[in-house]
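Visitor: build me a structure from this.
(chains A and B)
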Amino acid sequence: MSNLLEVRDLTKHYTSRHGFAGKRVVRAVNGVSLDIAPGEALGLVGESGCGKSTLGRCIARLYTVTGGSVTFDGVDITRLGGRALRPIRAGLQMIFQDPYASLNPRRRVGEIIAEPLHVHHRGNQASMTARVASLLSDVGLGPDALSRFPHEFSGGQRQRIGIARALALDPKLIIADEPVSALDVSVQAQIVNLLADLQRDRGLAYLFIAHDLGVVRQIADRVAVMYLGGIVEIGPVASVFGNPAHPYTRALLDAVPVADPALTHRDRIRLAGDPPNPANPPSGCAFHPRCAAASDICRAVKPVRRVLDDGREVACHHPLAAQVDTQQA
Amino acid sequence: MSDPQALLSVRDLSVSFRTRGGVIRAVDSVSFDVLPQQIFGIVGESGSGKSLTILSILNLIGDPNVIIAGSIRFGDQELVGAPASVMRGVRGNKIAMIFQDPMTALTPVHTIGAQIIEQIRQHRPVSASVAHQRMLDLLDAVGIPDPRQTFRRYPHELSGGQRQRAVIAMALSCDPALLLADEPTTALDVTVQAQILDLIRALRVKFGSSIILITHNLGVVAEVADRVAVMYSGRIIEQANTADLFADPLHPYSWGLLGSMPVLDGPRQRLAAIPGLPPALDNRPPGCAFAPRCRFVRAGCEIAPPPLRAGPHNVACIIDDHERASLRSERLTP
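Guide: Model (predicted):
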């Protein structure tokens, strides 16, 4: 197997008590399949509540999985328990959204970054100290950071600390859940550049979860678009963003405000309404109530993912015209 | 200097905090005019003073250790130092505000209909039935589906986008001449943000209000604003009509902000990030606040803050126009 990560039909259901009406099942992730090759960055985009963070946390096995399988580096980790997971986690690390909440406020930065090395018994005290210092410089922080506490750093610097901690064990895959969305624009650009450099220099693979399509385009080789627990389109960034096949992908791209007043009156698809509730999903294609192209089959039959000529996959009964043409050509 | 047509005229506005370490100036010599029916955008990062600027317009900073100086003229009314009785007649009536988070702007214990009616009857001597009808019209005008059912709902029963629409309906209830919107779409998803931006554009036509829109997102300003001010460390460093600012930005910080924004088309390029961080407000350099991060910094930058050049396109930078033209090509490369 050449893939670093293989996810097959992954589902994650939550059961919630709902008043006297009894139990209600929320299908947060509903039959997701994806692959990540070694050194590849897969972007995962979608609006709040679409299940992208839940998917990331299921893959990292921070959550138990309801169904399907997760294979990392040739090992099926779907049902592995705490101790058996530990060696896996050395190769699969996470970067979190909130750099204020993800660092222990009572630990010094040096201890925070060294903790994974202690847990995995990597080297002696001297080699760990050297390793922590080199990690700090890799993420653009000086050695004076070692003895300081997280609250002494700005948001961008804290995110650099979180990245250094994730890199400590030389992982093969990093799951980054909205790593730059809490940062200001100018700092966000610094962190995006850092993540791109690290991927290139270390051959890292990323599952890069974000709602900001521009940021994803900056980092990802391929991109998956999620809507209501399922992937609606997945493929190379250039084709999915340049020439979307799923109407939802197109609408998402069209909704992004562009910093060029000359382009604001371009022809765009505007979505009405809000994303539906995953506890009560629409019949057939989950997107049909908001889709301009919806027909009877969309209301009745859930579309399956199929491969188009350029290698991307789309789950839609009526993919956008440009794509159908290229398919026939 | 101020435009006689202006609805709101802010001159040399400063907002300072008295602290144990001395007086910290968070907003410094800010001046701008808002014309009738204009959408005026203020862009800046956290701590740039953009929110404090519009909070001081309504005198909403209720802290005795805050000093507001300068002048804010609204029509023929001076708002800086105006007595509380005058401000009560202005707030929510002639000038209304939309906040970032609609959940905290609404009370969870009343229906949205009741909250809008309360706002109407606070400022207008109308009967309950007239206010009720006005409330339904407002909900309809902001695009809430089925107002006759929805007005009975509580905020938690609505989606984020619908809540923000309800907040906008409330802000519009007394036909304000000026609407202040502080990051009105930041908490929303991108498809819902696009809907709310369409609504804000339509409001100007439908209600004839001027709007001051605060955002950190250059894309949002480009989409809706007529004129833009860019703030950095408490000062306006560039101000121009939107088309001019994006076609020909003059300040190196504006260049950096635009270079930091990932784009969705064209070849993928490394982002031209701005190194470093904005200065702490209590430790601002004596000269241009951006100088420590500026690639084009020179001797004069560190002496005194550069004055804002007069004219339709204001910029606070000492680089002269000839040199700027040659630097422009350089700024495009990271």
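
Visitor: check contacts around residue A:251.
Guide: Contact partners of residue A:251, counting by CB atoms under 8 Å, 6 or more residues apart in numbering or on different chains, are A:269, A:270, A:271, A:290, B:191. The C-beta positions use only the backbone N, C-alpha and C, and glycine is treated the same way.

Visitor: what's the answer for residue A:184, then?
Guide: Residue A:184 is in contact with A:155, A:156, B:45, B:46, B:216, counting by CB under 8 Å, 6+ apart.

Visitor: change it to 6 Å
Guide: Residues in contact with residue A:184 (CB atoms under 6 Å, 6 or more residues apart in numbering or on different chains) are B:45, B:46.

Visitor: can you redo the contacts of residue A:251 as TSV with neighbour count, distance to residue A:298 and pLDDT?
Guide: Output for these, formatted as TSV (neighbours: other CB atoms under 10 Å in any protein chain shown; distance: CB to CB, whole Å; pLDDT from 0 to 100):
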residue	neighbour count	distance to residue A:298	pLDDT
A:269	19	16	77
A:270	12	19	80
A:271	24	15	85
A:290	19	11	91
B:191	23	18	87
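
Visitor: so which bits of the stretch 51-200 of chain B are right by chain A?
Guide: The stretch 51-200 of chain B comes close to chain A at residues B:159, B:161, B:189, B:190, B:191, B:194, as judged by CB under 6 Å from any CB of the partner chain.

Visitor: what's the spacing between the residue nearest the centre of chain B and residue B:228?
Guide: Nearest to the geometric centre of chain B sits residue B:214, at 2.4 Å (CA atoms, centre = their mean). With distances taken as CB to CB, to the nearest Å, residue B:214 is found 11 Å from residue B:228.

Visitor: equivalent analysis for residue A:286, please.
Guide: From residue A:286 over to residue B:228 the distance is 39 Å, taken as CB to CB.

Visitor: and what of residue B:138?
Guide: From residue B:138 over to residue B:228 the distance is 29 Å, taken as CB to CB.

Visitor: which of the contacts of residue A:251 fall in helices?
Guide: residue B:191 (DSSP state H).

Visitor: all strands for the chain, in order.
Guide: Picking chain A for this. A:5-17, A:23-36, A:41-45, A:67-72, A:75-76, A:92-95, A:173-177, A:205-209, A:222-227, A:230-236, A:306-307, A:313-314 (DSSP state E).

Visitor: nope, chain B please
Guide: B:8-19, B:22-34, B:39-43, B:66-74, B:77-78, B:95-98, B:178-182, B:210-215, B:227-232, B:235-241, B:314-315.

Visitor: up against chain B, what does the stretch 1-150 of chain A have?
Guide: Checking the stretch 1-150 of chain A against chain B by CB under 6 Å from any CB, the hits are A:47, A:48.

Visitor: how many other residues sit next to the closest residue to chain A within the stretch 101-250 of chain B?
Guide: The stretch 101-250 of chain B approaches chain A most closely through residue B:219 (3.1 Å), counting by CB to the nearest CB. The local packing of residue B:219 (other CB atoms under 10 Å in any protein chain shown) involves 22 other residues.

Visitor: what's near enough to touch it?
Guide: Counting by CB under 6 Å, 6+ apart, residue B:219 touches A:257, A:258, A:259.

Visitor: change it to 7 Å
Guide: A:256, A:257, A:258, A:259 (CB atoms under 7 Å, 6 or more residues apart in numbering or on different chains).

Visitor: and those as TSV, adding neighbour count, pLDDT and distance to residue A:277?
Guide: TSV is the format used below for the contacts of residue B:219 (neighbours: other CB atoms under 10 Å in any protein chain shown; pLDDT from 0 to 100; distance: CB to CB, whole Å):
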residue	neighbour count	pLDDT	distance to residue A:277
A:256	19	90	24
A:257	21	89	26
A:258	21	86	30
A:259	19	83	33
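
Visitor: for those, which one is nearest residue B:265?
Guide: Nearest to residue B:265, judged by CB to CB, of the contacts of residue B:219 is residue A:258 at 8.9 Å.

Visitor: now the closest one: how far from residue A:214?
Guide: If you measure residue A:258 against residue A:214 using CB to CB, the figure is 10 Å.

Visitor: what of residue A:13?
Guide: 33 Å.

Visitor: flag the shaky bits of the stretch 201-329 of chain A, pLDDT-wise.
Guide: The model of the stretch 201-329 of chain A has pLDDT under 70 over residues A:264-266, A:321-329.

Visitor: interface residues of it facing chain B?
Guide: By CB under 7 Å from any CB of the partner chain, the residues of the stretch 201-329 of chain A that approach chain B are A:211, A:213-215, A:217-218, A:241, A:251-253, A:255-261, A:264, A:270-271, A:274.

Visitor: still on that earlier bit, which one of the strands of chain A lies closest to residue A:281?
Guide: It's strand A:23-36; of those, that one is closest to residue A:281 (CB to CB) at 6.8 Å.

Visitor: what does that closest one rub up against?
Guide: So strand A:23-36 is contacted by A:3-18, A:42, A:51, A:54-55, A:58, A:173, A:205, A:207, A:224, A:229-231, A:234, A:278-279, A:281 (CB under 7 Å, 6+ apart).

Visitor: swap in stretch A:156-173?
Guide: Defining contact as CB under 7 Å, 6+ apart, one finds that stretch A:156-173 is touched by A:4-5, A:36, A:38, A:73, A:90-96, A:99-100, A:102-103, A:109, A:112-113, A:116-117, A:120, A:122, A:135-136, A:138-141, A:150, A:153, A:174, A:179, A:183, A:187, A:190-191, A:194, A:205, A:207.

Visitor: from chain B, how far out is the nearest residue to residue A:7 once chain neighbours are set aside?
Guide: Distance criterion CB to CB, 6 or more residues apart in numbering or on different chains; nearest residue to residue A:7, sequence neighbours excluded, is residue A:34 at 5.0 Å. According to CB to the nearest CB, to the nearest Å, residue A:34 and chain B sit 22 Å apart.

Visitor: these two touch, right, residue A:37 and residue A:3?
Guide: Yes - between residue A:37 and residue A:3 there is a contact under CB atoms under 7 Å: 5.7 Å.

Visitor: more neighbours: which of those two?
Guide: The neighbour comparison of residue A:37 against residue A:3 (other CB under 10 Å) goes to residue A:3, with 17 against 14.

Visitor: contact partners for the more buried one?
Guide: Going by CB under 7 Å, 6+ apart, residue A:3 touches A:35, A:36, A:37.

Visitor: how about residue B:256: what's its closest non-neighbour residue?
Guide: residue B:274 (3.8 Å).

Visitor: separation between that neighbour and residue B:259?
Guide: For residue B:274 relative to residue B:259 (CB to CB), the value is 8 Å.

Visitor: those two: who's more crowded?
Guide: With neighbours defined as other CB under 10 Å, residue B:274 and residue B:259 compare such that residue B:274 has more, 25 against 20.

Visitor: now do the same contact list for the more buried one.
Guide: By CB under 7 Å, 6+ apart, the contact list for residue B:274 reads A:186, B:256, B:260, B:293.

Visitor: same check, this time on residue A:120
Guide: A:90, A:169 are the contacts of residue A:120 under CB under 7 Å, 6+ apart.

Visitor: phi, psi of it?
Guide: phi -100, psi 10 (degrees, to the nearest 10).

Visitor: so residue B:166 sits against residue B:111, correct?
Guide: No - counting by CB under 7 Å, residue B:166 does not reach residue B:111; the two are 9.9 Å apart.

Visitor: state the number of residues packed around residue B:127.
Guide: That count, for residue B:127 with other CB under 10 Å as the rule, works out to 9.

Visitor: likewise residue B:286?
Guide: Residue B:286 has 10 neighbours, counted by other CB under 10 Å.

Visitor: ok, now which ones touch it?
Guide: Residues near residue B:286 by CB under 7 Å, 6+ apart: B:302, B:304.
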